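Enquirer: Give the three-dimensional model of this entry:
(chains A and B)
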Amino acid sequence: MTLLTTVFAAIICTVIWYRNAPKDEMKVGILCWMFWGASLMWFVDALFEYAELKADYFTPSPTDMLNDFFLGLSVVALGLTIWVVILLVKDPKGAVKTALFQKKQ
Amino acid sequence: MACFLVPTAEAIIVTIVTKATKTKRPAAPEAEMGNGDTVIKAHIPFVRKLNWLTNLLWGGSALLAFEHVWHGEVVPWFPFLTAANNPQDTAAMLHEMSTVGVSMAAVVTVVWACMLIVSNAMEKRVLNNAPHIAPASN
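Expert: Got it, this is the predicted structure:
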């Protein structure tokens, strides 16, 4: 479930990035790299787990599925948080700078 | 247990190599061609391609590290890895790192290599479509 959640997040981010490409003002590319990197790593992990469990790998208990889905959502939340921090620090649109340093009228 | 440490180690090495390449070889002037109102660069610098690998490795490692914290395998106190508390768990951890961890790093690198092949082919196609533009000297 964690792998599936991350793969879906990666696909959605890639589609959003492609819609705005070649512009990447919102730095969605960062999310694409992060989620695809994690998806590849979890895919390898899944292969090893499959080699160990065989067909049982595809019939997890509901509790395990729920826990893994919860973990997947938390991973996506962490990825989004890292992205927001990078976005605000890099501030490609200069919005943070403007908001901080503009004079009040 | 600590499989994410292998891609993290690779990420550190690739980051150092990227920084060294950047300082050693300053950005060469790139051949550009106008295509309507967009400008297409006919050459992708190798440093940029190295950055793709760095991003994949750092991004994946960060999220995997979180998973290990979630499962209680990484803790914020010494020795940071719960498997390092006894020799039996340490042996299992090292085995996992040498199998799963190395495979993770290898798969990410292979995917990156495939991306290089595709991007090189695309660069060639762009140059072939615009023969009046010379490739950038590297």
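
Enquirer: So residue B:78, which state does it fall into?
Expert: coil (DSSP: H, G, I helix; E, B strand; the rest coil).

Enquirer: Residue B:128 versus residue A:14, what's the distance?
Expert: From residue A:14 across to residue B:128, the span is 27 Å (Cβ to Cβ, to the nearest Å). Backbone N, C-alpha and C define where each C-beta goes, glycine included.

Enquirer: Looking only at neighbour counts, state which of the two leads.
Expert: The neighbour comparison of residue A:14 against residue B:128 (other Cβ atoms under 10 Å in any protein chain shown) goes to residue A:14, with 17 against 8.

Enquirer: The helix or strand where the more buried one lies: which residues count as buried?
Expert: Assigned by DSSP states H and E, residue A:14 falls within helix A:2-20. Residues of helix A:2-20 classed as buried: A:2, A:3, A:5, A:6, A:7, A:9, A:10, A:13, A:14, A:17 (neighbour count, 16 or more other Cβ atoms under 10 Å in any protein chain shown).

Enquirer: Residue B:50 against residue B:16, yeah?
Expert: No: between residue B:50 and residue B:16 there is no contact under Cβ atoms under 8 Å: 10.6 Å.

Enquirer: the more surrounded of these two?
Expert: Taking other Cβ under 10 Å, residue B:50 and residue B:16 do not tie; residue B:50 has more neighbours (19 against 11).

Enquirer: Would you mind listing the residues in contact with the closest residue to the more buried one other than its chain neighbours?
Expert: Nearest residue to residue B:50, sequence neighbours excluded (Cβ to Cβ, 6 or more residues apart in numbering or on different chains): residue B:18, at 4.5 Å. Contact analysis of residue B:18 by Cβ atoms under 8 Å, 6 or more residues apart in numbering or on different chains lists B:47, B:50, B:51, B:54.

Enquirer: and if you look at residue A:50?
Expert: With Cβ under 8 Å, 6+ apart, residue A:50 has these contacts: residue A:57.

Enquirer: tell me which element it is part of?
Expert: Assigned by DSSP H and E, residue A:50 falls in helix A:28-53.

Enquirer: One more: residue A:76?
Expert: Judged by DSSP H and E, residue A:76 forms part of helix A:62-90.

Enquirer: what sits up against the helix or strand following that helix?
Expert: Moving toward the C-terminus from helix A:62-90, the next helix or strand (DSSP H and E) is helix A:95-101. Outside helix A:95-101, the residues within contact range by Cβ under 8 Å, 6+ apart are A:88, A:91.

Enquirer: Does anything pack onto the helix holding residue A:14? Which helices or strands?
Expert: Applying 3 or more Cβ pairs under 8 Å, 6 or more residues apart in numbering or on different chains; DSSP states H and E, we find helix A:2-20 packed against helix A:28-53, helix A:62-90.

Enquirer: Please work out which of those helices is packed deepest.
Expert: helix A:28-53 (a mean of 20; mean count of other Cβ atoms under 10 Å in any protein chain shown).

Enquirer: Many thanks, I have nothing further to ask.
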